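Enquirer: Sharing a model that was predicted from the sequence below.
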Amino acid sequence: MSLRVLVGVKRVIDYAVKVRVKPDKTGVVTDGVKHSMNPFDEIAIEEAVRMKEKNIVKEIIAVSCGPQQCQETIRTALAMGADRGIHVEVAGKEYEAMQPFHVSKILAKLAQEEKVDIVLVGKQAIDDDCNQTGQMTAALLDWSQACFASKVEKTDGELTVTREIDGGLEVIKVKLPAVITSDLRLNEPRYATLPNIMKAKKKPMAKKTAADLGVDLTPRHEVLSVEDPPVREAGIKVETVEDLVGKLKQSGVI
Amino acid sequence: MNDSISLGKATLGLADDQKQVYHLARDFAIKEMKPHMLEWDIQEIFPVDVLRKIGELGFGAIYCKEEFGGTGLTRLDASVIFEALASGCSSTTAYMTIHNMCAWMIDNYGSKEMKEKYISDMNSMKVLSSYCLTEPGAGSDAASLTTTANRDGDYYVINGSKSFISGGGSSDLYIVMCRTGEPGAKGISCILVEGDNPGLSFGKKEKKISWNSQPTRQVFFEDCRVPITNRLGNEGFGFNIALKGLNGGRLNISSTSLGAAQAALEEARNHILVRKQFGKRLADFQYLQFKLADMATKVAACRLMVRSAAVALQEEHPNHITICSMTKLFVTEECQKVCDDAIQLFGGYGILKDYPVQVFWRDCRVHRILEGTNEVMRMLVAKELLKE
């Protein structure tokens, strides 16, 4: 049984960068800042590649939505083992306003067009931390979903997925087709090797627009402002427990 | 550590796939090498496990042809890779450059059987190699070497000793320059000796002030018999191989110095943003701002020189030997100065072994001496300039 997988890979500001808020408070500085693949999406690609190595999956398609530079992200996915890429070009103001709502519509449409059996995405992106795209995509497709996966096994026509939840680990069975979102402990992604980076150059990369897929990118909400978290204020020392309780009552905390 | 300043400069002018290569090497260096650099230096650990991981990426035979298992990239790609890796550990990267040179020698001058046997494993670092040219009595005057290889039927019998061999005693292969003929350069041949040859023995591990993540030993040849099929290139061609190998080696060592200087610059920059004296951050003192600007400018200039030299070597520009020599001379000197300045910016902390800048400074010191001393570089450049 050979499945086909669509993996979403998002281009985000690199985790090691010190993020700075723009002076006009409309967002964070992205110009000239190092970007890389969302770490949870790296884990998603790695999982898809491992499934291909086990012959569970026969084709991996990597998708990214965004400006021209997203092709670098797709190329990294190809170098890790994806078979082909799709770049859905979204630029400028439309890109700044793009939300999981739009991305999930794009992924759902592509999943249908490409007739895939599994959609694999990172559980959330490290820039907006939305944790919505996977779930919305599953709902739009009316497919099973298994989010926060730390283990994925194939058993007959189903997937057995271990999920990391607040209470511990939950094991569920999901029928195919399904959407899976990867959590941190699902795997440790490989480095792309130089030979694979070179081979990736020859792998096909298709370009589409949201309009091609019939997806309307009109924003559904407006960002009012983006600000630094408040600077940590100095604390005060108190002499007795009574003083402490008094202060806490004064500030309305208790 | 804020990476944006390095990326703004280090990937400038690179093609998209070269940027990808840089990112791969840089990410690997930060994650797999940097956390261990200080320990490897202090404990003198030869990190074979990490070398094998580096090999898995295809970094062991970067500019060997794909035909026999090399990665098939250019000298510029190699420079970018070594620059990136050096920021993780300059000593281990220097070892990688020597190993890559050995692989290249086999790829260009070895027999088909040799290439089939070794290139792929050298690329993956399953096979580790060392280069043997220098002797106790033959340093800058390398062509005066006295290790002999005498013909005995289908074998060469090698006798002599080599000194300052990086990886000596820990390698699977030794590329050895020995005398098969007349005195001088024309009598030298290049012969491959496998590490388990009974005629090989090794001196004690040298105690060094740097390059401590690689063992350095003397290598002794006592009636060391190797089949004549182990020779690379023709008899008497060995010194040509050595010189050609050194052109690339000089660029590679320059790239290593460059990566070390870049890393030292970043560390110094981050430090002066935090350290306060006289009620201000060090970064608010103009003298230190100027000092940092000078350091960054030197690194940027060195980078341009190394990369342009890499292209000249790749294209076999008529003056590539002079270009490589000038580059090695300039870059190793300037990058050591940058590391030295970085230590100064750290103040007392700069000399503590808990801080990385002192390792970069010590490792860079060696680069001014090997692959041809900087004095030999001046000889080569002057010779070319004064040709009539």
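Expert: Now that the structure is in, tell me what you want to look at.

Enquirer: list the buried ones in the strand or helix carrying residue B:322?
Expert: Per DSSP states H and E, residue B:322 falls inside helix B:320-346. Within helix B:320-346, the residues that count as buried by 16 or more other C-beta atoms under 10 Å in any protein chain shown are B:320-343, B:345-346. For the C-beta atoms, the positions are set from N, CA and C on the backbone; glycine is no exception.

Enquirer: Please apply the same query to stretch B:274-292.
Expert: So stretch B:274-292, judged by 16+ other C-beta under 10 Å, has buried residues B:275, B:282, B:283, B:288, B:291, B:292.

Enquirer: sorry, back to before: counting by contacts, list what the helix holding residue B:322 packs against.
Expert: Other helices and strands packing on helix B:320-346, by 3 or more C-beta pairs under 8 Å, 6 or more residues apart in numbering or on different chains; DSSP states H and E, are helix B:238-274, helix B:286-314, helix B:357-367, helix B:374-385.

Enquirer: between the ones you listed, which one is nearest to residue B:37?
Expert: Distance to residue B:37, taken as C-beta to C-beta, is lowest for helix B:357-367 among the helices and strands packed on helix B:320-346, at 6.2 Å.

Enquirer: What angle do helix B:320-346 and the closest one make with each other?
Expert: 150 degrees (axes from the mean of the first three to the mean of the last three C-alpha atoms, to 10 degrees).

Enquirer: Contacts for helix B:357-367, please.
Expert: B:37-38, B:41, B:90-91, B:94, B:209-211, B:253-254, B:256-257, B:260-261, B:263-264, B:267-268, B:332, B:335-336, B:339-340, B:342-343, B:346, B:350-352 (C-beta atoms under 8 Å, 6 or more residues apart in numbering or on different chains).

Enquirer: Of the residues you listed, keep whichever come out buried.
Expert: By 16+ other C-beta under 10 Å, the contacts of helix B:357-367 give B:37-38, B:41, B:90-91, B:94, B:210-211, B:253-254, B:256-257, B:260-261, B:263-264, B:267-268, B:332, B:335-336, B:339-340, B:342-343, B:346, B:350 as buried.

Enquirer: Quick one, grab the pLDDT at the residue lying closest to residue B:347 once chain neighbours are set aside.
Expert: Beyond its immediate neighbours in the sequence, the residue positioned closest to residue B:347 (C-beta to C-beta, 6 or more residues apart in numbering or on different chains) is residue B:275, lying 7.6 Å away. What the model reports for residue B:275 is a pLDDT of 97.

Enquirer: Turn the helices and strands packed on helix B:320-346 into JSON lines, including distance to residue A:14.
Expert: Output for the helices and strands packed on helix B:320-346, formatted as JSON lines (distance: least, C-beta to C-beta, whole Å):
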{"stretch": "helix B:238-274", "distance to residue A:14": "15"}
{"stretch": "helix B:286-314", "distance to residue A:14": "21"}
{"stretch": "helix B:357-367", "distance to residue A:14": "23"}
{"stretch": "helix B:374-385", "distance to residue A:14": "37"}
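
Enquirer: Could you pick out the residues of the stretch 151-254 of chain A near chain B for me?
Expert: A:191, A:192, A:193, A:194, A:195, A:197, A:198, A:201 (C-beta under 8 Å from any C-beta of the partner chain).

Enquirer: Buried only: go through the residues you listed for me.
Expert: A:191, A:192, A:193, A:194, A:195, A:197, A:198.

Enquirer: hang on, isn't the last one packed against residue B:72?
Expert: Yep, that's residue A:198 we're talking about. Yes: with contact defined as C-beta atoms under 8 Å, residue A:198 reaches residue B:72; the gap is 7.3 Å.

Enquirer: a helix runs through residue A:62, doesn't it?
Expert: No: read with DSSP: H, G, I helix; E, B strand; the rest coil, residue A:62 is strand and lies in no helix.

Enquirer: Kindly list the longest strand within chain A.
Expert: The longest strand of chain A (DSSP state E) is strand A:144-155.

Enquirer: Can you tell me which helices and strands that one packs against?
Expert: Looks like strand A:144-155 contacts helix A:39-53, helix A:133-141, strand A:158-165, strand A:168-175, strand A:178-182 (3+ C-beta pairs under 8 Å, 6+ apart).

Enquirer: average model confidence for it?
Expert: 96.

Enquirer: partners of it, with directions?
Expert: strand A:158-165 (antiparallel), strand A:178-182 (parallel) (DSSP bridges).

Enquirer: what angle do that strand and helix A:133-141 make?
Expert: Using the same axes, to 10 degrees: strand A:144-155 against helix A:133-141 is 100 degrees.

Enquirer: Please list the outside residues in contact with strand A:144-155.
Expert: A:1, A:47, A:51, A:56, A:123, A:134-135, A:138-139, A:159-165, A:169, A:172-186.

Enquirer: can I get the CA coordinates of it in CSV?
Expert: Written as CSV, here are the backbone C-alpha positions of strand A:144-155 (Å, rounded to 0.1, in the frame of the first residue of the first chain):
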residue,chain,number,x,y,z
SER,A,144,-9.5,12.5,10.2
GLN,A,145,-6.9,14.5,12.2
ALA,A,146,-4.2,13.5,14.6
CYS,A,147,-2.4,16.5,16.1
PHE,A,148,0.7,16.8,18.3
ALA,A,149,1.9,13.5,17.0
SER,A,150,5.0,12.0,18.7
LYS,A,151,4.7,8.6,17.0
VAL,A,152,3.0,7.5,13.8
GLU,A,153,2.6,3.9,12.8
LYS,A,154,0.7,2.4,9.9
THR,A,155,-1.5,-0.6,10.7
